[in-house]
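*Asks:* Next comes the sequence, and after it the predicted model I'd like to discuss.
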Amino acid sequence: MITDLSTRRPLIVDDISRRTMLGALGIAGALMLAGCTPAQSGSAKATRTVKTPQGEYEVPADPERVVCIDYYSGIFLTELGMKPVGGIDYSWVDASSMYEPYVKPLKAIHSVGEITSTNTEKVAALNPDLVLGPTPGSLYDNSPGAMKKLAQVAATATIDFGKTGDWRPPYEQAADEVNRLAEHDGLKKEYGDAVATLKAKRADAIAATTIASLNYSQDGNFSVDLAPSSAGVVYQDLGLTFASVARGTDSNGVSISTERLSDLADATMIVFRADTAGAPQSGLADVFALPAWKELPAVKAGNVLPVTWIDLCGYRWAGQAVTELDALLGALSPVA
């Protein structure tokens, strides 16, 4: 059985339990303790208007105390050289799940709750001048109602994450909302230059390669990333051909029964979610133990490769993937 994953949130979100939101009374109390109101906290600062798919927002011209209540925007701001004063709980990230240079700064962000349960009192106590979060009611709105409540605390600006894992448009939107487009564009150019260099260097290997990217396995199924997934956008930028089962463009990935491992037969290169030691993660070890797995052409050729950037977002993290893909493409063996 093949299942479309367009309504499935990323695995990092599915693994976090839901909590209950605090009420408006709690917000008011926190504002009193902080000694400010939304109007007072931003009244002395210059503002600017940003246009987003959700409409226009008036935000600080140069925000200094930003709180991020989604998984991605804290990473975006860290890459842009900003330190959010508050964000989701990043205590769990490590080098197997995050771009290593960002592990320490993300862990240092003051937690305002888990991704599914933003603590509005904790946000108010930080006296933010801007709160970033997902579009209310969208696929990535993991803490429903939070953005509406936080409009009582500070200026807010939502980010449209769409319905896939393509982080590039929301990254640009977040960069605009914090007035860091110049930094964003510089990072984007560095990544683009690295992609162009690799495409020229490995043109023959890229043309000959059909890739499948395995994300996780559970309940007798395994997930293959599509082009709009977090890492899939890098494969797409490089011009790699996706395995036939992974050519959809409207979701993060496709879930396939382990009884249909033969659907990967046209892949000449398979990458998979791994830890820093190269061990398969998220249930994939069970897939690799199946007899049918060992019969796949890419497996027989030794072209099954561990990676730690399945969940990548941000141009430096994507640049790491490009660097590693250079070596991986250069080491591929012919597939019979």
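*Replies:* Sure thing, it's come through.
*Asks:* any idea which strand is longest in the protein?
*Replies:* Criterion DSSP state E: the longest strand present in the chain is strand 210-218.
*Asks:* Tell me where the stretch 51-200 of the chain has helices.
*Replies:* Using DSSP state H, counting those that start in this stretch, the helices of the stretch 51-200 of the chain run over 71-79, 100-107, 120-125, 146-150, 168-177, 181-201.
*Asks:* which parts of stretch 305-319 are buried?
*Replies:* For stretch 305-319, burial by neighbour count (16 or more other Cβ atoms under 10 Å) applies to 305-315, 317-319. For the C-beta atoms, the positions are set from N, CA and C on the backbone; glycine is no exception.
*Asks:* nearest to residue 148, of these?
*Replies:* Nearest to residue 148 out of the buried residues of stretch 305-319 is residue 313 (Cβ to Cβ; 25.4 Å).
*Asks:* residues touching that closest one, list them.
*Replies:* 72, 75-76, 167, 171, 230 (Cβ atoms under 8 Å, 6 or more residues apart in numbering).
*Asks:* Which other helices and strands does the longest strand of the chain contact?
*Replies:* strand 221-225, helix 232-238, strand 241-242, strand 269-273, helix 284-288 (3 or more Cβ pairs under 8 Å, 6 or more residues apart in numbering; DSSP states H and E).
*Asks:* Let me see the mean pLDDT of the longest one.
*Replies:* When you say that, I think you mean helix 232-238. Averaged across helix 232-238, pLDDT comes to 98.
*Asks:* quick thing: my sequence starts at 54, can you match it?
*Replies:* Yes, from this point I'll number from 54; that puts the last item at helix 285-291.
*Asks:* Pull the residues that contact it.
*Replies:* By Cβ under 8 Å, 6+ apart, helix 285-291 touches 218-221, 248, 251-252, 259, 264, 266, 278-280, 295, 305, 365, 371, 374-375, 378.
*Asks:* Give me the buried subset of the residues you listed.
*Replies:* Going by neighbour count (16+ other Cβ under 10 Å), those have 218-221, 248, 251, 259, 264, 266, 278-280, 295, 305, 365, 371, 374-375, 378 buried.
*Asks:* Same list, the helices and strands packed on strand 263-271, but as a markdown table with distance to residue 114 please.
*Replies:* Formatted as a markdown table, the helices and strands packed on strand 263-271 follow (distance: least, Cβ to Cβ, whole Å):
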| stretch | distance to residue 114 |
| --- | --- |
| strand 274-278 | 39 |
| helix 285-291 | 31 |
| strand 294-295 | 43 |
| strand 322-326 | 41 |
| helix 337-341 | 47 |
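*Asks:* With residue 134 as the reference, name the closest of these.
*Replies:* helix 285-291 (22.4 Å).
*Asks:* export the closest one as PDB, just CAs?
*Replies:* Written as PDB, here are the backbone C-alpha positions of helix 285-291 (Å, rounded to 0.1, in the frame of the first residue of the first chain):
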ATOM      1  CA  GLY A 285      14.500  16.700  -1.400                       C
ATOM      2  CA  VAL A 286      14.800  20.300  -2.400                       C
ATOM      3  CA  VAL A 287      18.600  19.900  -2.400                       C
ATOM      4  CA  TYR A 288      18.400  16.700  -4.600                       C
ATOM      5  CA  GLN A 289      16.100  18.700  -6.900                       C
ATOM      6  CA  ASP A 290      18.500  21.700  -7.000                       C
ATOM      7  CA  LEU A 291      21.300  19.400  -8.000                       C
END
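*Asks:* Distance from the chain centre to that helix, please.
*Replies:* 14 Å (Cα atoms, centre = their mean, to the nearest Å).
*Asks:* Kindly report the same for stretch 165-182.
*Replies:* Put simply, stretch 165-182 sits 21 Å off its chain's centre (Cα atoms, centre = their mean).
*Asks:* And for the closest residue to residue 315 other than its chain neighbours, the neighbour number?
*Replies:* Spatially, and ignoring its direct neighbours in sequence, residue 315 is nearest to residue 345 (6.7 Å; Cβ to Cβ, 6 or more residues apart in numbering). Residue 345 has 14 neighbours, counted by other Cβ atoms under 10 Å.
*Asks:* Dihedrals phi and psi, residue 345?
*Replies:* Note on residue 345: its backbone torsions stand at phi -60, psi -30 [degrees, to the nearest 10].
*Asks:* Okay, residue 143 and residue 159: tell me how far apart.
*Replies:* Going from residue 143 to residue 159 by Cβ to Cβ, to the nearest Å gives 4 Å.
*Asks:* Same check on residue 313?
*Replies:* Relative to residue 159, and taking Cβ to Cβ, residue 313 is found at 37 Å.
*Asks:* Look at the two and report which has more neighbours.
*Replies:* Neighbour count, other Cβ under 10 Å: between residue 313 and residue 159, residue 159 has more, with 20 against 14.
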